[in-house]
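K.L.:
one predicted model, sequence on top.
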Amino acid sequence: MDINNSVALVTGANRGLGRAFAQRLLERGARKVYATARRPETVDLPGVEVLPLDITSATSVRAVAEAAPDVTLLVNNAGIQTGTDLVTGSLEAVRHEVETNVLGHLTMIREFAPALARNGGGAIVNVLSAMSWFGTRGAGAYHLTKAAAWAMTNGVRLELAEQGTLVTAVHLGLADTDMSAGWPVDKIAPSDLADAALDGVEAGAAEVLADQWSRDVKSRLTLKPEEFNAAMDRALAALAA
């Protein structure tokens with residue numbers, strides 16, 4: 001797929017990674033970029049078409065799909081991190097993360113799949129995380145949702161292959177956004193993450209490991225669970241040092 005002349009829709013495009021995706025799409029020649037957000041008035045990027053969207057609302061998602069029938073590239077970026085543990089944390093917070101990070105993305109895919117088919121197949125980018133593969137205290141819900149979103153991405157890729165829709169999973173460690181502001185460590189620039197993802201789409205890649213952290217984590221998946229956990233403890237301790 002060629003990003004030039006594509007028609008893209010980006011969720012959570014008012015800041016952080018979503019804004020970077022929308023900006024790089026424009027700069028790389030996208031014919032139209034729909035920038036969506038729960039509060040559309042917070043989208044400040046010139047050149048985009050702004051639409052209100054709450055990905056946890058089926059009605060809102062359906063309205064956006066009807067307003068943007070020409071989409072050829074869907075970027076599922078919107079997500080939340082509540083800092084919730086699975087056993088002792090709020091079950092409502094866990095549900096909220098699942099509704100947003102997993103079912104919200106799936107609802108978008110289900111609504112836009114017919115339009116993508118009509119428009120030649122197109123592509124879907126799901127912004128995931130290296131935490132698809134590991135968890136930490138204080139982020140059990142986030143790990144759960146990113147692992148589930150990874151499985152969901154792999155599943156819809158198989159279902160949409162017949163209609164010619166590329167489904168690309170993008171994994172990263174930390175990006176330099178508000179969500180990671182408290183971590184004084186190396187982070188990928190949002191524009192670099194967007195470029196890595198869009199390069200992957202143009203190359204027909206099913207998966208993009210956008211930084212060294214995500215590559216290192218995935219390379220450890222063949223370890224036994226206790227070995228993997230020990231390796232991740234060492235890596236996280238090194239980050240915090």
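P.N.:
Structure's in. What do you need?

K.L.:
just the buried positions in stretch 199-218, please.
P.N.:
If you call a residue buried by 16 or more other CB atoms under 10 Å, then stretch 199-218 has these buried ones: 200-202, 205, 207-211, 213-214, 217-218. The way it works is simple: take the backbone N, C-alpha and C, and place the C-beta from them, glycine included.

K.L.:
can I get that stretch as CSV, trimmed to CA atoms?
P.N.:
The C-alpha trace of stretch 199-218 is given here as CSV (Å, rounded to 0.1, in the frame of the first residue of the first chain):
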residue,chain,number,x,y,z
ASP,A,199,7.0,2.3,6.4
GLY,A,200,5.8,-1.1,7.6
VAL,A,201,2.4,-0.6,5.9
GLU,A,202,4.1,0.4,2.7
ALA,A,203,6.3,-2.8,2.9
GLY,A,204,3.3,-5.0,3.6
ALA,A,205,4.5,-5.9,7.1
ALA,A,206,2.3,-7.8,9.5
GLU,A,207,4.3,-6.6,12.4
VAL,A,208,6.5,-3.6,13.2
LEU,A,209,8.9,-3.7,16.2
ALA,A,210,9.5,0.1,16.4
ASP,A,211,12.4,0.3,18.9
GLN,A,212,15.1,-1.8,20.5
TRP,A,213,13.1,-2.3,23.6
SER,A,214,10.3,-4.1,21.8
ARG,A,215,12.8,-6.1,19.8
ASP,A,216,14.6,-7.2,22.9
VAL,A,217,11.4,-8.2,24.7
LYS,A,218,10.1,-10.2,21.8
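
K.L.:
residue 222 is in contact with residue 231, correct?
P.N.:
No. Residue 231 is beyond contact range of residue 222, at 11.2 Å (criterion: CB atoms under 8 Å).

K.L.:
and the helices in this protein?
P.N.:
Here the chain has its helices, by DSSP state H, at 16-27, 58-67, 91-98, 105-118, 140-160, 190-203, 212-219, 225-240.

K.L.:
which residues does the second one contact?
P.N.:
Read it as helix 58-67. 9, 34, 36, 51-55, 104, 107-108, 111-112, 115 (CB atoms under 8 Å, 6 or more residues apart in numbering).

K.L.:
mind listing what's buried along the helix or strand bottoming out on mean pLDDT in the chain?
P.N.:
Taking mean pLDDT, DSSP states H and E as the measure, the chain has helix 225-240 as its least confident helix or strand, at a mean of 89. Judged by neighbour count (16+ other CB under 10 Å), helix 225-240 contains these buried residues: 228, 231-232.

K.L.:
off-centre distance for it?
P.N.:
24 Å (CA atoms, centre = their mean, to the nearest Å).

K.L.:
same for it, what does it pack against?
P.N.:
Applying 3 or more CB pairs under 8 Å, 6 or more residues apart in numbering; DSSP states H and E, one finds that helix 225-240 contacts helix 212-219.

K.L.:
how many residues are close by the spatially closest residue to residue 104 that is not a sequence neighbour?
P.N.:
Of all residues not flanking residue 104 in the chain, residue 55 sits nearest, at 3.4 Å (CB to CB, 6 or more residues apart in numbering). Residues lying near residue 55 (other CB atoms under 10 Å) number 25.

K.L.:
for residue 55, give me its contacts.
P.N.:
Neighbouring residues of residue 55 by CB under 8 Å, 6+ apart: 11, 61, 78, 100, 104-105, 107-108.

K.L.:
do that again at 6 Å, thanks
P.N.:
Residue 55 makes contact with 11, 78, 104, 108, according to CB atoms under 6 Å, 6 or more residues apart in numbering.

K.L.:
any idea which of these is closest to residue 71?
P.N.:
Ranked by distance to residue 71 (CB to CB), the contacts of residue 55 are led by residue 108 at 10.3 Å.
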